[in-house]
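K.L.:
just the structure for this:
(one chain, ligands or ions: 2)
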Amino acid sequence: MMEQLATPVTGNPKIFDDYHPPAAELLNACVHCGFCLQTCPTYTLWGKEQDSPRGRIQLINMAIEGEVGLTELYVSHFDHCLGCLACVSACPSGVKYGKLIEAMRGQVERHYLRPLHQRVLRRMVAAVFSRPARMRKLMAPLRAYQRLGLQRLARALGLTALLPRSLRAMEQLLPDLSHRETSAVLPSRIAPQGEKRRSVVLLTGCVQSVFMGQVNAATARVLAAEGCEVLVPPEQGCCGALMMDLGQEQEALDSARRLIDQFAPLAVDTIVLNAAGCGAALKDYGYLLRDDPQYRDRAIAFSAKCKDVSEVLAELKPRAPRHPIALRVAFHDPCHLQHAQGLREQPRAMLRTIPGLELLELSEGALCCGSAGLYGLVQQETAHQLGQRKAERIIATPAQAVATGNPGCQLQLRAMLNEAGHPLPVMHYMELLDASISGTHLPGGPA
Ligand code: SF4
Ligand code: SF4
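P.N.:
Ligands and ions are numbered 1, 2, ... in the order given. Below is the predicted model of the structure:
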């Protein structure tokens, strides 16, 4: 049963505009069976129908029928949704819930006036995290904050607890910026080793290129070692995924068009992705640009070339020799890899090529860690609860390290494990493979 959602509206007013409203055929595909409920992180936490996929679909139907309006309470049920798409993996009727939440986020953004503090936070988050150049400007002060020991001191004295909740979340997620490749800019072309097998272009991402450049460097080295010519266009900008999370569709469309224009002249077989959230967004450009006659076909062709790096390596078969790494590694599936892209086996198969490495599975592996793009910064409490839950599942294993494939997951898991007093190294799976191929010790991992 739905609880009272706030003042019901009367007179059957039109709640949604005609620009991409939640589509009737998507809504009607739901047969209300409830198979998705137990896979939904917010239903798992709170057990409330209106914070489940089925409940949210029902809420959309109620708004279309004019039974409810876009009140604060109503909108909160959609804001709570992580967009993790675990419900899509679980749904036997093939309900495309991702398209529904995407449409809802746009409608909410256009028709609901958020409280001032939320508007300011969301604008700030979008303005900073989708612009690598702006993030780079923050690097010097953030590095000084860590190098001078101010971060340690602030945490030890409990000063970070005095920050507003959103800033506290950002501070907690801040990665270790001491790695020499953290924000290094890759050369625009990296030659293949041995006979060339493929030409690829690497998407460097926003957060990843600035705060975790070592992942891009490791990805490029591995691809080159496996015979790929790797192109890395400079100044790539945002792919639009973060803007879509915030319901800012026009900004996302502009970002997608810019990226298509930038990559189009490159004669490559594959567009390689190593951040699951960006990967899911790029593979969906055909849908995103469906109304744009100039870009629609180009977007479809662009998306067809996009592959996660684990897919590329599965196709190529290993050629570069691997050095052993004796390590027990828990694997965390990013939602945008397992649910949005349907990739579970490929990254595992890739890690199994490393001699000595023991892969461990987590209980509740299909459940989101709470990172979910920018979710951790705008829905801090829920993200924190889910992060703690994931950390507990990791700690329950004998893992010596954690591997994953998305910068948000990496930051979230590291922060939550640190908070739990169990500071395991959390790496992108490409860092592990790079260490094995190059025979070097793991960055941030056991020597
Ligand atoms: S599993 Fe699919 S059809 Fe069943 S309630 Fe959930 S979304 Fe609807
Ligand atoms: S996307 Fe994730 S959080 Fe949202 S309804 Fe589906 S399972 Fe729940």
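K.L.:
the stretch 1-150 of the chain against ligand 2: which residues are in contact?
P.N.:
39-42, 53, 56, 81-87, 97 (C-beta under 6 Å from any ligand atom). Where C-beta positions appear, they are placed from N, C-alpha and C, glycine not excepted.
K.L.:
could you dump the residues you listed to CSV with pLDDT, neighbour count and distance to ligand 1?
P.N.:
As requested, these are exported to CSV (pLDDT from 0 to 100; neighbours: other C-beta atoms under 10 Å; distance: C-beta to the nearest ligand atom, whole Å):
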residue, pLDDT, neighbour count, distance to ligand 1
39, 96, 23, 9
40, 98, 26, 9
41, 98, 28, 14
42, 98, 24, 14
53, 98, 27, 5
56, 98, 24, 9
81, 97, 24, 13
82, 97, 25, 15
83, 96, 23, 14
84, 97, 30, 14
85, 97, 23, 11
86, 98, 23, 11
87, 98, 26, 6
97, 97, 24, 6
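K.L.:
the helices in the stretch 101-250 of the chain, which residues?
P.N.:
Using DSSP state H, counting those that start in this stretch, the helices assigned to the stretch 101-250 of the chain run over residues 116-129, 132-147, 150-156, 165-173, 207-211, 213-225, 241-245, 249-263.
K.L.:
ok, which of these comes nearest residue 281?
P.N.:
helix 241-245 (3.6 Å; C-beta to C-beta).
K.L.:
ok so, going back, among the residues of the stretch 1-150 of the chain next to ligand 2, which are in helices?
P.N.:
41, 42, 53, 56, 86, 87, 97 (DSSP state H).
K.L.:
for the stretch 301-447 of the chain, what spans make up the strands?
P.N.:
For the stretch 301-447 of the chain, applying DSSP state E, counting those that start in this stretch gives strands covering 306-308, 327-331, 357-360, 401-404, 426-428.
K.L.:
helices or strands next to the last one in the packing?
P.N.:
Think strand 426-428. helix 213-225, strand 401-404, helix 407-419 (3 or more C-beta pairs under 8 Å, 6 or more residues apart in numbering; DSSP states H and E).
K.L.:
if you set the cut-off to 6 Å instead, what comes out?
P.N.:
Packing contacts for strand 426-428, counted by 3 or more C-beta pairs under 6 Å, 6 or more residues apart in numbering; DSSP states H and E, involve helix 407-419.
K.L.:
related to what we said a few turns ago, which among the strands of the stretch 301-447 of the chain is found nearest to ligand 2?
P.N.:
Among the strands of the stretch 301-447 of the chain, strand 401-404 comes nearest to ligand 2, with 17.6 Å by C-beta to the nearest ligand atom.
K.L.:
kindly report the domain assignment for the chain.
P.N.:
24-111, 116-173, 189-314, 323-438 (automatic domain parsing).
K.L.:
which of those has the lowest average pLDDT?
P.N.:
When the domains of the chain are compared on mean pLDDT, domain 116-173 scores lowest, with a mean of 85.
K.L.:
tell me which element residue 15 is part of?
P.N.:
Here residue 15, judged by DSSP states H and E, is contained in no helix and no strand.
K.L.:
for it, grab the count of nearby residues.
P.N.:
21 (other C-beta atoms under 10 Å).
K.L.:
checking the residue lying closest to it once chain neighbours are set aside next. Helix, strand or coil?
P.N.:
Nearest residue to residue 15, sequence neighbours excluded (C-beta to C-beta, 6 or more residues apart in numbering): residue 63, at 4.4 Å. With DSSP: H, G, I helix; E, B strand; the rest coil as the basis, residue 63 sits in helix.
K.L.:
got the contact list for the closest residue to residue 154 other than its chain neighbours?
P.N.:
Using C-beta to C-beta, 6+ apart and skipping residues adjacent in sequence, the residue nearest residue 154 is residue 160, 5.2 Å away. By C-beta atoms under 6 Å, 6 or more residues apart in numbering, the contact list for residue 160 reads 154, 168, 171.
K.L.:
change it to 10 Å
P.N.:
151, 154, 167, 168, 171, 172 (C-beta atoms under 10 Å, 6 or more residues apart in numbering).
K.L.:
for the fifth one, which non-adjacent residue is closest in space?
P.N.:
When you say that, I think you mean residue 171. Per C-beta to C-beta, 6+ apart, closest to residue 171 is residue 160, 5.3 Å.
K.L.:
what's the helix or strand for the most centrally placed residue in the chain?
P.N.:
With distances taken as C-alpha atoms, centre = their mean, residue 277 lies nearest the centre of the chain, 3.4 Å away. If you go by DSSP H and E, residue 277 is part of helix 276-282.
K.L.:
and that helix, how far from the chain's centre?
P.N.:
7 Å (C-alpha atoms, centre = their mean, to the nearest Å).
K.L.:
how about it, does it get close to ligand 2?
P.N.:
No. Contact of helix 276-282 with ligand 2 (C-beta under 6 Å from any ligand atom) is absent, the minimum separation being 12.1 Å.
K.L.:
any idea which helix or strand comes after that helix?
P.N.:
In the C-terminal direction from helix 276-282 (assignment by DSSP H and E), the next one is helix 285-288.
K.L.:
just the CA atoms of that next one, as PDB, please.
P.N.:
Provided in PDB are the C-alpha atoms of helix 285-288 (Å, rounded to 0.1, in the frame of the first residue of the first chain):
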ATOM      1  CA  TYR A 285      24.100   7.900 -27.000                       C
ATOM      2  CA  GLY A 286      21.800   6.500 -29.700                       C
ATOM      3  CA  TYR A 287      18.800   6.800 -27.400                       C
ATOM      4  CA  LEU A 288      20.000  10.100 -25.800                       C
END
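K.L.:
off-centre distance for that helix?
P.N.:
Centroid separation between helix 285-288 and its chain, computed with C-alpha atoms, centre = their mean, is 18 Å.
K.L.:
ok, residues contacting that helix?
P.N.:
Contacts of helix 285-288 (C-beta under 10 Å, 6+ apart): 96, 98-99, 102, 239-240, 244, 249, 252-253, 255-257, 259-260, 281-282, 295-304, 306.
K.L.:
buried subset of the residues you listed?
P.N.:
Using 16 or more other C-beta atoms under 10 Å as the burial test, those include 96, 98-99, 102, 239-240, 244, 249, 252-253, 255-257, 259-260, 281-282, 295-296, 298-299, 302-303, 306 as buried.
K.L.:
quick revisit: redo the residues of the stretch 1-150 of the chain next to ligand 2 as CSV? Include distance to residue 223.
P.N.:
Formatted as CSV, those follow (distance: C-beta to C-beta, whole Å):
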residue, distance to residue 223
39, 34
40, 36
41, 33
42, 37
53, 37
56, 39
81, 35
82, 31
83, 29
84, 28
85, 27
86, 30
87, 34
97, 33
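K.L.:
out of these, who's nearest residue 235?
P.N.:
residue 83 (27.6 Å).
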